[in-house]
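[1] Give the three-dimensional model of this entry:
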Amino acid sequence: MPLTHDEIEAAIAEASAAMDLDPSLKGTVAAREFGANYTRLMARRRGCLASNTCGRHNKKLTIP
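    Numbering: from 1, shown residues only. Purely as a prediction, here's the structure:
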């Protein structure tokens, strides 16, 4: 069964926290150890947010 978005983000958060605690820990090792995607881990470390947290395009605007 594929992992849910929450499980993926939790693994990324754990790997990132481990990298914060141990500055010599490399991203590839942390990603492998916690089962996180390396590319996503590095993107989160650089400050990029998940795509589902952005606003949607072509959204109907509401009038106040």
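
[2] What ranges does the protein have for its helices?
    Per DSSP state H, the chain carries helices over the ranges 5-21, 27-34, 38-46.

[3] May I see the buried residues of the shortest one?
    Neighbour-count burial for helix 27-34, counted by 16 or more other Cβ atoms under 10 Å, picks out 27, 30, 31, 34. Yep, even glycine has a C-beta here, placed from its N, CA and C like the rest.

[4] Stretch 31-46 now?
    By neighbour count with 16+ other Cβ under 10 Å, stretch 31-46 contains the buried residues 31, 34, 36, 38, 40, 41, 44.

[5] again, but for stretch 11-27
    For stretch 11-27, burial by neighbour count (16+ other Cβ under 10 Å) applies to 11, 12, 14, 15, 16, 19, 27.

[6] can you put those residues in a markdown table and add distance to residue 50?
    Below are those laid out as a markdown table (distance: Cβ to Cβ, whole Å):
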| residue | distance to residue 50 |
| --- | --- |
| 11 | 13 |
| 12 | 9 |
| 14 | 16 |
| 15 | 15 |
| 16 | 13 |
| 19 | 18 |
| 27 | 18 |
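
[7] and which of the residues you listed is nearest residue 52?
    Taking Cβ to Cβ as the measure, residue 52 lies nearest residue 12 of the buried residues of stretch 11-27, at 13.6 Å.

[8] In space, what's closest to that closest one - neighbours in sequence excluded?
    Nearest residue to residue 12 in three dimensions, chain neighbours excluded: residue 36, at 4.7 Å (Cβ to Cβ, 6 or more residues apart in numbering).

[9] likewise residue 18?
    Closest residue to residue 18 apart from its sequence neighbours, by Cβ to Cβ, 6+ apart: residue 30 at 5.4 Å.

[10] just checking, the residue nearest to residue 12 touches residue 14?
    Yes: in this structure residue 36 lies within contact range of residue 14 using Cβ atoms under 8 Å: 7.5 Å.

[11] Give the residue spans of this protein that score low on pLDDT.
    Where the chain drops to pLDDT under 70, the residues are 1, 55, 61, 63-64.
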